[in-house]
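[1] need a 3D model of the sequence below.
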Amino acid sequence: MRPTQASFPATRLRRARQTAPIRALTRENTLSVDDFIWPVFVRSGEGIEEPIPSMPGVFRRSVDKIVDAARDAADLGIPAICIFPYTGLEERTEDCAGAWDPDNHANRAIRAIKAAVPDIAIMTDVALDTYNINGHDGFVENGEIVNDRTVEALVKMTLAQAEAGADIIGPSDMMDGRIGAMRSALEGAGHQNTMILSYSAKYASGFYGPFRDAVGASGALTGDKKTYQMDPANSDEALRLIERDLREGADMVMVKPGLPYLDICRRVKDTFGAPTYAYQVSGEYSMIQAAAQQGWIDGDKVMMESLMAFKRAGCDGILTYFAPAAARLLAEK
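    Below is the predicted model:
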């Protein structure tokens, strides 16, 4: 039972807000650079740092430039980056074989970063959408995104990334049974220390548009992803998905998108107590950036407020494109 507090004027709640030092002493949640995973986009070529128009301040980088970005992140104290490959339509196939090619952009980037910046943790993305001519996270057969054949491919992709040196595997595909299959394969191949941060509650959201531009999937996608990503109206289902993935061997779980689903973050953390993450996705990032560029909001203030919202909702960490900018602001304080 919540303790009863004295009535006014014995209790004046404003006392705890009167100065910056007092506010710091009574603050319930704190935000740290240790909370950030920085998503980055890798592409072919050399010496390339290509701006993404729908994501102001975000770039597609060639492997050499991704290494430079990893150095910058490490210097800022960011503990982890997450690698997403950009592939043009000419690089995509029906069989998605590029996904587990040891020499694809992502795997080359993993090896290069590990050689140059060994202390930063590397997370990867496991899904077929960036290699699939159909733009879907799984194989498409007669108009259906098939589950079991896709899981077999995702396991091969997982092992290729682990062999390249990935620390954290990030399955974003939402196929049934993939966590158990990946964990079994990793154990069998001697990668027992490779972690899985599962996109367990990933919603069929309208907030992903700029990301699909960033990875080259916008023009490739046929139809939608509602048969495998979650219905935004559902909350209890998220808990069933989280429980399943934890039972199958996920070390950490994720809710995606972030800000529109803070209620899910809180339910997950309160129910399971497992390491819980959220992805502040491209649409969330781009809306804040666009409003800031128009002068409608204070961009830095809203950025930090939005990141604190995740901590208040129970998240242990956040995937955010704001990671470098937020890290610099935190360092200044």
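[2] show the low-confidence segments of the protein, by residue range.
    For the chain, applying pLDDT under 70 flags the ranges 1, 217-220.
[3] quick one, strands of it?
    36-42, 49-51, 59-61, 80-85, 121-124, 140-141, 144-145, 168-169, 195-202, 252-256, 276-280, 317-320 (DSSP state E).
[4] what lies in contact with the fifth one?
    Applying CB atoms under 8 Å, 6 or more residues apart in numbering, the external contacts of strand 121-124 come out as 37, 79-83, 106, 110, 113-114, 161, 165-170, 197. (C-beta placed from N, C-alpha, C; glycine too.)
[5] let me know how buried Asn234 is, in neighbour terms.
    For Asn234, the count of nearby residues is 14 (other CB atoms under 10 Å).
[6] no no, Ile37
    Neighbour count for Ile37, taken as other CB under 10 Å: 23.
[7] quick check, it in contact with Pro324.
    No - with contact defined as CB atoms under 8 Å, Ile37 does not count as touching Pro324 (12.0 Å).
[8] pull up the overlap in contacts between those two.
    Common neighbours of Ile37 and Pro324 (CB under 8 Å, 6+ apart) are Ile78.
[9] for the stretch 1-150 of the chain, which segments count as helices?
    For the stretch 1-150 of the chain, applying DSSP state H, counting those that start in this stretch gives helices covering 20-26, 63-76, 105-116, 148-164.
[10] can you lay out these as TSV showing distance to Leu13?
    What follows is those, written out as TSV (distance: least, CB to CB, whole Å):
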stretch	distance to Leu13
helix 20-26	10
helix 63-76	36
helix 105-116	48
helix 148-164	50
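[11] show me the one of those helices that comes nearest Met230.
    Nearest to Met230, of all those, is helix 148-164, at 17.1 Å by CB to CB.
[12] in the closest one, which residues are buried?
    150-151, 153-155, 157-164 (16 or more other CB atoms under 10 Å).
[13] just curious, which of the residues you listed is nearest to Arg23?
    Closest to Arg23 out of these is Gln161 (43.5 Å), distances taken as CB to CB.
[14] so who does the closest one touch?
    Under the criterion of CB under 8 Å, 6+ apart, the neighbours of Gln161 are Ala106, Asn107, Ile110, Thr124, Val126, Ile169.
[15] now the terminal residues of stretch 255-264, how far apart.
    Length of stretch 255-264, first residue to last, CA to CA, to the nearest Å: 7 Å.
[16] just how off-centre is that stretch within its chain?
    12 Å (CA atoms, centre = their mean, to the nearest Å).
[17] got it, and stretch 228-244?
    Per CA atoms, centre = their mean, the displacement of stretch 228-244 from the mean C-alpha position of its chain is 17 Å.
[18] again with stretch 266-275
    The answer for stretch 266-275 is 18 Å, by CA atoms, centre = their mean.
[19] for it, buried residues please.
    Within stretch 266-275, judged by 16+ other CB under 10 Å, the buried ones are Arg266, Arg267, Val268, Lys269, Ala274, Pro275.
[20] right, I'll leave it there.
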